[in-house]
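> need a 3D model of the following:
(chains A and B)
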Amino acid sequence: MLFTVQNKPGVRRLLGVTAVAAATSLLFAACSGNTAGGGGTKADAKASITVGGGTITKNFNPFSTTALQPTLGALYEPLYWYNFAKKQDPTPVLASGFSWNDAGTELTIKTRPGVKWNDGQPFTAKDVAFTFNLIAKTPALNPSGLAATAKATADDTAVLTFKSKSLMQEPAVLANQAIVPEHIWKDVKDPVTDPNENPVGTGPFKLGAFSTQSYTLLKNDSYWEAGKPAIKEVRYIPLEAADAASAALVAGKVDWISAYLPGIDQIINSKKDLAYVNTPVMTTVLVTCSNPARGCTGPQTDPAVRKAIYYGMNREQLIKLAGGGVASDASPTLLLPGRDDSWITDPNLQKIPPAADAAMANKLLDEAGWTKGADGIRAKGNQRLSLTVQTVTGWSDYISINDTLKQQLAAIGIELKPSQVSWNEWNAAQTNGKFQLSLDSVGLGASTNPYFTYNGRLATENTADVGKSASAGNFARFSDPKVDAALKTAAGTSDEATQKTQYAEIQKVFADQMPYIPVYVNSMLTEFNTSRAAGWPTKDNLYAVPASWKAWDLGVVLKTITPVG
Amino acid sequence: MRYLGQKLAFYAVACWAALTLNFLIPRLMPGNPVDLMLSKLATRGPVTPTTRAAIEAMLGTESNVSLWRQYLTYLQQLGSGELGTSIAYFPTPVSTVIGQTLPWTVGLIGLAAVMSFVIGVLLGRAAGWRRGSWVDNLIPFTTMLQSVPYFWLALLLLFLLGSTWPVFPLSGGYDVYSVSPGFSLAFFQSVLYHGALPALTIVLSSIGGWMLGMRNMMVSTLSEDYILTAEAKGLTPRRIRSRYAARNAVLPSISGFAISLGFVVAGSIVTEAVFSYPGIGSALLLAVGNNDYALMQGVFLIITLAVLGANLLVDLLYGVIDPRTRARS
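Here you go, the predicted structure:
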């Protein structure tokens, strides 16, 4: 009763607050019109495209493993470029030719004439020699273990001398090393941590404006390849999450991005200018901790169990349910069907039949002494045929593989228990061998030569006992003297016929042991907006791996595309 | 003075304990940064046994140094303000990463928290003053908004206001296409525009608590004898409401607010993840994903100091705001 009369000022004030809030939101709304509209028109007029990348931190150091995406390819270039998308001879970039001596210890490189650094200085063989000497004397810059001393014997000739026969170093030297200018890098105090804020390279682009939320590359007017690049400006923005990526793509904010977007066809069809290309190059495998001599335990140490899993998979169903219909058939050799066909000797090993072969799987398990129990799960002695398979929380396609496999393998009497862990935990378990089965993919090698696929995954020197870190890649703890000998022979020659017979040997052992069980070749989706630039790689014209994160190839794509309108 | 000394000593011990936990917890996580970087490299190219040595040399992480030695080095570096080098943002120093990201977070979340507090307390005061009015009826609605999981509310608003009706931008701190950071009107407008939606979600989801708390305190204060006395003295209702009722009713909210300010840094993770905002929460998320101990420690340090500092401030300020606590000590 006291309060009835006193209320009015209160209400009036409250209205005041609301009015201010409303005015503020109007102001925000007013800003929106300006900024969004201005961005679009400005970008078109400058023949500019936008690329989605990872977190931005100023690092253009071509030796750093965490350098920004365009450092390798757009700013700096290698001597040769290998196309992983199809079988193709190496393309000379900064070199015009190379030759080995007979002993395989000396590599002579002829450099391309007429190339200039983007500060105007000429590029010579001295820069090549300097780059390799810098790596040799700085262990932290040397992830590929190069041990060569280099000398420029003429302005256009550099000679690399290795301590031992090093034919297999060829891809690392020629195609995976950015050449840096001697006149800049000789004064860099710490080439390991230097962020190289003003990159001077030979690439088709040079650095424009930089902030931690976006940076631009500008056309290098003095680029050696006449008429290239046609694009004047490339902007990079951080876009890591798939939902942010698909939103930006549909809104026309980004022209080139590589991300797995569920329901890709629906997204692409929602806008006229969107396109995508699928380049499956990485094989998804079930890594098994296969070697009891190295400390692995569990039923998967029995090769019969691993092969039964191999035969028990219905890959047609897996590709449909987990691969989103965009994954493709794998080869039981871990190589890529199509591109690597010539490396696969046995025609039976070209492609895995898509349907499951339950009869074969059951026969293998019966012969190995695994008998079916009352619950439908096989057992041997008092060991049940029950396996744990790990994958990473949030990797939805791999989680569906596990769930589908669980049902498929139950049909042949194998119990599969899927588990999801954080990336860190998954990675630690895999490198330390503390797992039974683990879903992973076979990454890209230094070149398409199968040596790089087999050496990391199968060589004894690349593994370690369970409990120790096998970070070089042989997570299966696989070890076989025949494979080791074949790898050594293959590494010692550049004759493809000899290599092929050695790889056939490895493929035979591999098919018999199956330390990595191939599932399918995973899709690698890259999405484009074709309204601002044309000439992107397509399914029929894979002139480079189209992924926006792929070192070297991104430079090739950026210098090939042309502005629209 | 003795009161102040006791407080400071207590906070010094709390600070040490926090710093020590800060050192230990990241190291109890599975995996280590070297293996992590190796695995990421392996998806992009070949990795050999020598790669491991190269990366260890590059990161300066020696895996075989004892925990105790690492702890001593950690304390020493803290003393000199050196926070180490980030691995996720290699080779940027942690202090630079924090310097780049903290202003965004403090600006967005800090302002949103202040806005939410001020609006909530004013609405609560009105609701308590005039029970049963339309303002009072807002309370169930705002508490419902608060009980909705924050990330869901944020995603929903982002979907509706960012994608379905594109009133607000989808992500980022400013429009990277047309403005460059600096002291220009265009940049500030862009920042305000990009911050509006995240700020709105924070205000919507936290206003209910302030409003409810203030309203209930207001109601119980209004039944105090001194309010009746004030009325009897013939003071204007406006004076009674603000000087007698609201001033006493707001005390618990103020201490709650100071503590919530301390959590501004920590509370930003979900907001920044949803809106891809370039603040310290995004940096922390990235640090955890990369086992970046140095950056995690740096961010935790900021969070610890912010919470402790806010608490200390409340302890000290309370004596000033509330004369009763002053008289007792």
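
> what parts of the stretch 401-550 of chain A come near chain B?
A:422-425, A:427-431, A:441, A:443-446, A:452, A:456, A:461-462, A:469, A:471-473, A:549-550 (CB under 8 Å from any CB of the partner chain). Backbone N, C-alpha and C define where each C-beta goes, glycine included.

> of these, which belong to helices?
In helices, defined here by DSSP state H, the members of these are A:423-425, A:427-431, A:452, A:456.

> flag the least confident of these.
Per-residue confidence across these is lowest for A:Asn424, with 73 (pLDDT).

> how many other residues sit next to it?
A:Asn424 has 21 neighbouring residues, counting by other CB atoms under 10 Å in any protein chain shown.

> I'd like to know how far it sits from B:Ala273.
Between A:Asn424 and B:Ala273 the distance is 18 Å, computed by CB to CB, to the nearest Å.

> same check on B:Leu192?
Using CB to CB, one obtains 21 Å as the distance from B:Leu192 to B:Ala273.

> same question, B:Val191
Distance from B:Val191 to B:Ala273, by CB to CB: 19 Å.

> which of the two has more neighbours?
Taking B:Val191 and B:Ala273 together and counting by other CB under 10 Å, B:Val191 has the greater number of neighbours (20 against 16).

> give the contact list for the more buried one.
Counting by CB atoms under 8 Å, 6 or more residues apart in numbering or on different chains, B:Val191 touches B:107, B:173-174.

> with B:Val148 instead?
Taking CB under 8 Å, 6+ apart, we find B:Val148 in contact with B:Ser205.

> ok, now how distant is it from B:Asn137?
From B:Val148 over to B:Asn137 (counting by CB to CB), the distance is 19 Å.

> repeat that for B:Met211.
The span separating B:Met211 from B:Asn137 equals 12 Å under the rule CB to CB.

> what does A:Ala259 give?
From A:Ala259 across to B:Asn137, the span is 46 Å (CB to CB).

> and what of B:Arg324?
Summarising the geometry, the distance separating B:Arg324 from B:Asn137, computed by CB to CB, is 34 Å.

> swap in A:Val51?
Taking CB to CB as the criterion, A:Val51 is separated from B:Asn137 by 51 Å.

> higher neighbour count, those two?
The neighbour count for A:Val51 versus B:Asn137, taken as other CB under 10 Å, is higher for A:Val51 (23 against 10).

> using PDB, write down the CA coordinates of the helix or strand hosting the more buried one.
According to DSSP states H and E, A:Val51 maps onto strand A:48-53. This file holds the C-alpha atoms of strand A:48-53, laid out as PDB (Å, rounded to 0.1, in the frame of the first residue of the first chain):
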ATOM      1  CA  SER A  48      41.500 -11.400 -55.000                       C
ATOM      2  CA  ILE A  49      40.600 -14.800 -53.500                       C
ATOM      3  CA  THR A  50      40.300 -16.000 -49.900                       C
ATOM      4  CA  VAL A  51      41.600 -19.200 -48.500                       C
ATOM      5  CA  GLY A  52      40.600 -20.900 -45.300                       C
ATOM      6  CA  GLY A  53      43.500 -22.000 -43.200                       C
END
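
> and the stretch 201-350 of chain A, which residues reach chain B?
Counting by CB under 8 Å from any CB, the stretch 201-350 of chain A comes close to chain B at A:209, A:211-214, A:235, A:237-239, A:241, A:244, A:247-248, A:251, A:253, A:282.

> and those, which two are furthest apart?
Across those, the longest distance by CB to CB is 34.7 Å; it joins A:Ala209 and A:Met282.

> so for the two, which residue has more residues nearby?
A count of neighbours by other CB under 10 Å puts A:Met282 above the other of A:Ala209 and A:Met282, at 17 against 13.

> show the pLDDT at that one.
Looking at A:Met282, its pLDDT reads 86.

> and the nearest residue to it once chain neighbours are set aside, how far from A:Leu335?
Leaving aside its sequence neighbours, A:Met282 sits nearest to A:Ser441 (CB to CB, 6 or more residues apart in numbering or on different chains; 4.3 Å). Computed as CB to CB, the A:Ser441 to A:Leu335 distance reads 14 Å.
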